[in-house]
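**Student:** A predicted structure for the sequence below; I have some questions about it.
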Amino acid sequence: MQTDLDRWFIQEILVHEQALMAFLRRHWPHPDDLHDLRQELYARLYEAASRARPVQPKAFLFASARHLMADRLRRAKVVSIEPMGDFPPSHVLIDEVSPERWCGGRQSLRRLAQALDRLPDRCREVVWLRRVEELSQKDVALRLGISEKTVEKHIANAMRLLADALFSGEAPLAHASDPARSTESRHGRR
């Protein structure tokens, strides 16, 4: 015996099954899952309609399909973390840092610090906030009162100057033709 909900479901939802399947085929990358997706969607819709009937059933059907696909994709990206137990001890030799490697690392770090010190002030400040303090581009822009585009230009300029300094052995110089600097001056920001 059909209930009022069953009749509503048949008249308002199942009449769109062909369009729904075409939509799912177009947007879901795994054709083997289409029937399971449809059934899960129907179960969700039936349950939701038992609480309150949607005003626009067709729109509700397709919006629910998009949400279901997004949920499935999100779940697929989650990696299960299960304990694997203790691994047997490995007898691999530990790579000891030789005095030469240690000294070379210290010299590279010193060259990087010197190159950072020679960057233009605002450029250095943007690099520090973005790469060391790991602020987002938006947060750096807000903190310094500049646009996000200017933050991008400072980062690009700094990376170019640092690469020049580290790979050519020369220290970076503050360039007067710094594109981020000219953008700031055009917009009255510093």
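**Tutor:** Thanks, I have the structure now.
**Student:** show me where this structure has helices.
**Tutor:** 4-12, 17-27, 34-51, 57-77, 99-117, 121-127, 137-144, 148-168, 179-187 (DSSP state H).
**Student:** Ala48 contacts Leu61, doesn't it?
**Tutor:** No: counting by C-beta atoms under 8 Å, Ala48 does not reach Leu61; the two are 10.6 Å apart. For glycine as for every other residue, the C-beta is placed from the backbone atoms N, C-alpha and C.
**Student:** Which of those two has more residues huddled nearby?
**Tutor:** Leu61 (22 against 13; other C-beta atoms under 10 Å).
**Student:** now the helices of the chain in TSV, with mean pLDDT?
**Tutor:** Output for the helices of the chain, formatted as TSV (pLDDT from 0 to 100):
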stretch	mean pLDDT
helix 4-12	90
helix 17-27	93
helix 34-51	92
helix 57-77	89
helix 99-117	78
helix 121-127	91
helix 137-144	91
helix 148-168	87
helix 179-187	44
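**Student:** tally of neighbours for Leu73?
**Tutor:** 11.
**Student:** Asp32 - how many residues pack around it?
**Tutor:** The burial count for Asp32: 7, using other C-beta under 10 Å.
**Student:** Please report how far it lies from Leu24.
**Tutor:** The gap separating Asp32 from Leu24 is 12 Å, by C-beta to C-beta, to the nearest Å.
**Student:** can you check Ser50 too?
**Tutor:** 23 Å.
**Student:** of those two, who's got more company?
**Tutor:** Taking neighbours as other C-beta under 10 Å, Ser50 and Leu24 compare with Leu24 leading, 20 against 12.
**Student:** wait, doesn't that one sit right on Gln39?
**Tutor:** No: Leu24 is beyond contact range of Gln39, at 11.4 Å (criterion: C-beta under 8 Å).
**Student:** Run through the residues that contact the closest residue to Arg53 other than its chain neighbours.
**Tutor:** Nearest-residue entry for Arg53: Trp8, 6.4 Å, with adjacent residues in sequence omitted and distances by C-beta to C-beta, 6 or more residues apart in numbering. Trp8 makes contact with Ala49, Arg53, Pro57 under the criterion C-beta atoms under 8 Å, 6 or more residues apart in numbering.
**Student:** are any of those buried, and which?
**Tutor:** When the contacts of Trp8 are checked for burial by 16 or more other C-beta atoms under 10 Å, the buried set is Ala49, Pro57.
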